[in-house]
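Engineer: next comes the sequence, and after it the predicted model I'd like to discuss.
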Amino acid sequence: NSRGAASLLKDSIPITEFSASGPFEGQDLLRRGFTSVKNELWPSHPLELSEKNFQLNQDKTNFATLRNIQGIHAPLKLQMEFRAVKQVQRLPFLHSSNMALDTLRGNDECISFEDILNDPSQSEVMGEPHTMMEHKLGLL
């Protein structure tokens, strides 16, 4: 009976009351996960958040301008093209340059930081192809 089980769960004591508290309490990794000092830090400079969201802010401004000039159909068509281009990628173990997305945004002729020094998350080390494909397909 599902109604009986729900009433038993409603009247049960929360798990947090059983946990130790105080200065010697250990972190519960299963419930809270790993802590990261980087996530707890505030931005070191006022412009850091602006720089992280630069492309998003630029896209919003371009879409608003395009909507005011040409109407609602133009930014909607461009957003559909962005989504279609983002879905086309190489195999998971190969780096995808997203050249079509850069072309749509007009960044194909610009040389940026990532072009010269590369993004650390996109290292040149290729992983095990079979394992990465099985992970992407949900077989692992």
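Structural biologist: Yep, that arrived. Numbering: from 1, shown residues only.

Engineer: now name the helix or strand holding residue 100.
Structural biologist: Counting by DSSP states H and E, the element that carries residue 100 is helix 99-105.

Engineer: could I get the helix or strand just after that helix in PDB with only the CA atoms?
Structural biologist: Toward the C-terminus, helix 99-105 is succeeded by helix 113-117 as the next helix or strand (DSSP H and E). Provided in PDB are the C-alpha atoms of helix 113-117 (Å, rounded to 0.1, in the frame of the first residue of the first chain):
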ATOM      1  CA  PHE A 113      43.300  33.800 -26.300                       C
ATOM      2  CA  GLU A 114      42.000  30.200 -26.900                       C
ATOM      3  CA  ASP A 115      43.400  30.200 -30.400                       C
ATOM      4  CA  ILE A 116      47.000  30.800 -29.200                       C
ATOM      5  CA  LEU A 117      47.200  29.400 -25.700                       C
END
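
Engineer: can you pull the buried residues of helix 113-117?
Structural biologist: Within helix 113-117, no residue counts as buried by 16 or more other Cβ atoms under 10 Å. Every C-beta, even on glycine, is put in place using the N, C-alpha and C of the backbone.

Engineer: who does whatever helix or strand comes next after it touch, helix- and strand-wise?
Structural biologist: Note on helix 113-117: by DSSP H and E, the next helix or strand toward the C-terminus is helix 129-137. Packing contacts for helix 129-137, counted by 3 or more Cβ pairs under 8 Å, 6 or more residues apart in numbering; DSSP states H and E, involve no helix or strand.
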